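*Asks:* Give the three-dimensional model of this entry:
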Amino acid sequence: MIHKQFNELSKKKDKELVELLIGGSQEALGELYARHREWLMYLCKQNLKNEADAEDVVNDIFLKLWESRHILNSELSFTGYLRTITENYIKNILRHLDVHSRFAKNIYMNAKDSTNETEDSIIDNDYTKILNELIESLPSGQKEIFRLHRIEKLTYQEISEFLQIPVDNVRKQASRASKKLKDQISKITDIHFQTVITFLIFFS
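*Replies:* Modelled structure (predicted):
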């Protein structure tokens, strides 16, 4: 029965399958996926140069189609629609990769003599925002010590003298702050974003 159903779906036009998809048919989605996967994979591999990344994009596209099926328009060319959203998806990925590449290069070039001024100049608004949010999430004492050590570049001894607290206390608070920040960074889903933020905080 199921085999017969899939045979019937294979005979339908994209427009009919989209109408079934809008109605909640996972089988129609599967047929559209099987029908368009090959050329979508080719399009993605041509741009991303990586089969695994291309596979992820194609799967994401069809997941998004399922999630947004209620707003699809069966009167539009499905192939054209699919090409447009895939090309936009790829452009977005490449744009982010370019941003991460440029920032990583700037960080590397400025790592030896970075200052607050150069740090601000190489991080865009998104990076600055997430960096500040991570630091602001720390308890007040840890936050102050972390900023003095990682951003102001003071030694533990200098911080101890500045805050009038034992150096061992400074070291413990700095260690706790680093651990909490690393835990928060590990929750960031964007691996490139995660890598750059880690570099900025702990290796600049």
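*Asks:* Outline the domain layout of the chain.
*Replies:* The record assigns the chain these domain ranges, following automatic domain parsing: 2-97, 111-202.
*Asks:* rank the ones you listed by pLDDT, which is bottom?
*Replies:* Per-segment confidence across the domains of the chain bottoms out at domain 111-202, which has a mean of 72 in mean pLDDT.
*Asks:* buried residues in the helix or strand encompassing Phe162?
*Replies:* For Phe162, the enclosing helix or strand under DSSP states H and E is helix 156-163. Neighbour-count burial for helix 156-163, with 16 or more other CB atoms under 10 Å as criterion, is recorded at 156, 159-160, 163. In short, each C-beta sits where N, CA and C put it, glycine included.
*Asks:* Dump those to JSON lines, plus distance to Asn169.
*Replies:* As requested, those are exported to JSON lines (distance: CB to CB, whole Å):
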{"residue": "Tyr156", "distance to Asn169": "10"}
{"residue": "Ile159", "distance to Asn169": "10"}
{"residue": "Ser160", "distance to Asn169": "8"}
{"residue": "Leu163", "distance to Asn169": "9"}
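*Asks:* which residues in the protein form strands?
*Replies:* Using DSSP state E, no strands are found in the chain.
*Asks:* tell me the helices in it, going along the chain?
*Replies:* For the chain, the helices defined by DSSP state H occupy 2-10, 14-22, 26-48, 51-67, 78-110, 116-122, 125-136, 140-146, 156-163, 167-185, 191-202.
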